[in-house]
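> sequence plus predicted model, see below.
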Amino acid sequence: VVIDVLRASTTIAVAIANGARQVIPCESAEEAVTRSKAFERDDMLLAGERKMLPIPGFDLGNSPLEFTADVVGGKTVLLTTTNGTAALVAVQSAPLVYVGALVNFSAVLAHMREHAEGESDVAIVCAGRERQFSLEDAVCAGGFVRGLLRRNPRLAMNDAALATLHVQRRYRRDLPAMMADATHAAALTKAGFGDDVACCAALDTYPVVPILIDRQITRLHRGRPIPARRGSGRG
Ligand code: MLT
């Protein structure tokens with residue numbers, strides 16, 4: 001599960017919940033432009049940020065509030081962000097990758113529990129900010145760890161998972177207070193994106209499970225089989 005609460009994983013959850021056909025995470029603006037050529041202009045949107053601001057010439061920035069149903073419905077979104085899409089690209093070869101945030105927390109946790117009950121290891125990848133620890137990702141990760149432990153108290157976990165659990169305990173009843181302490185939230189607010197911070201702190205407002213397969217993020221529907229990777233033979 002890849003987490004970038006501020007803002008990429010929230011933006012992806014909102015885009016998928018609002019009917020985007022797929023989101024393609026790209027490592028650079030150049031890659032997004034190159035990949036966009038495979039689509040009709042009306043069928044796709046270029047989106048992303050650098051230093052929190054929209055990329056010149058792109059259709060959208062990285063503000064979840066921009067990704068309304070009117071704007072993204074039926075479209076392919078090519079998204080490039082500083083930390084979030086880089087983390088997604090880094091783990092794309094994992095057997096199964098979900099995109100987690102606070103806005104889709106319970107939906108993703110339900111799927112994680114299914115995997116943790118089997119033989120699978122679960123890795124929670126926090127995108128952080130500029131390769132540094134970030135409070136909001138740790139609190140979200142700690143929520144997932146807590147949710148898994150409640151189901152199976154004997155689950156083995158590493159020290160990083162234990163640390164997120166302690167951080168989450170401090171903030172779990174007051175996510176706005178967590179955002180008030182988070183440096184990325186302060187930077188976004190200063191840059192004029194205070195409404196994004198509030199949107200990203202809202203628990204379970206977009207209950208979708210975005211799943212990354214073959215560099216495409218689509219919506220996983222409960223009860224339907226997980227789509228097979230191309231050439232994997234997995235059902
Ligand atoms: C990122 O991926 O680096 C973030 O989503 C940055 C942001 O737009 O807040």
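Yes, it's here. Given the structure is predicted, the values throughout are model-derived calculations rather than measurements.
> residues from the chain in reach of the ligand?
Within the chain, the residues that sit near the ligand (CB under 6 Å from any ligand atom) are 4, 6-8, 49, 52, 62, 81-84, 127, 188. Quick note: C-beta positions are derived from backbone N, CA and C, even for glycine.
> return the lowest-mean-pLDDT helix or strand in the chain as CSV; C-alpha atoms alone will do.
Lowest by mean pLDDT, DSSP states H and E among the helices and strands of the chain is helix 105-117, with a mean of 91. Only the C-alpha atoms of helix 105-117 are listed here, as CSV (Å, rounded to 0.1, in the frame of the first residue of the first chain):
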residue,chain,number,x,y,z
PHE,A,105,-8.9,4.5,4.7
SER,A,106,-11.5,1.9,5.7
ALA,A,107,-12.0,0.6,2.1
VAL,A,108,-8.3,-0.1,1.7
LEU,A,109,-8.0,-1.5,5.2
ALA,A,110,-10.7,-4.1,4.5
HIS,A,111,-8.6,-5.4,1.5
MET,A,112,-5.4,-5.3,3.5
ARG,A,113,-7.0,-7.5,6.2
GLU,A,114,-7.8,-10.1,3.6
HIS,A,115,-4.2,-10.3,2.5
ALA,A,116,-2.8,-10.2,6.1
GLU,A,117,-5.0,-13.1,7.0
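> okay, helices next: where are they in this protein?
8-17, 29-36, 69-72, 84-90, 105-117, 135-151, 159-171, 175-181, 183-190, 194-200 (DSSP state H).
> return the most buried member of these.
Highest mean neighbour count of the helices of the chain: helix 8-17, a mean of 30 (counted as mean count of other CB atoms under 10 Å).
> which elements pack onto that helix?
In terms of contacts (3 or more CB pairs under 8 Å, 6 or more residues apart in numbering; DSSP states H and E), helix 8-17 is packed against strand 22-25, strand 76-80, helix 84-90, strand 97-100, helix 194-200, strand 209-213, strand 216-220.
> done for today, thanks.
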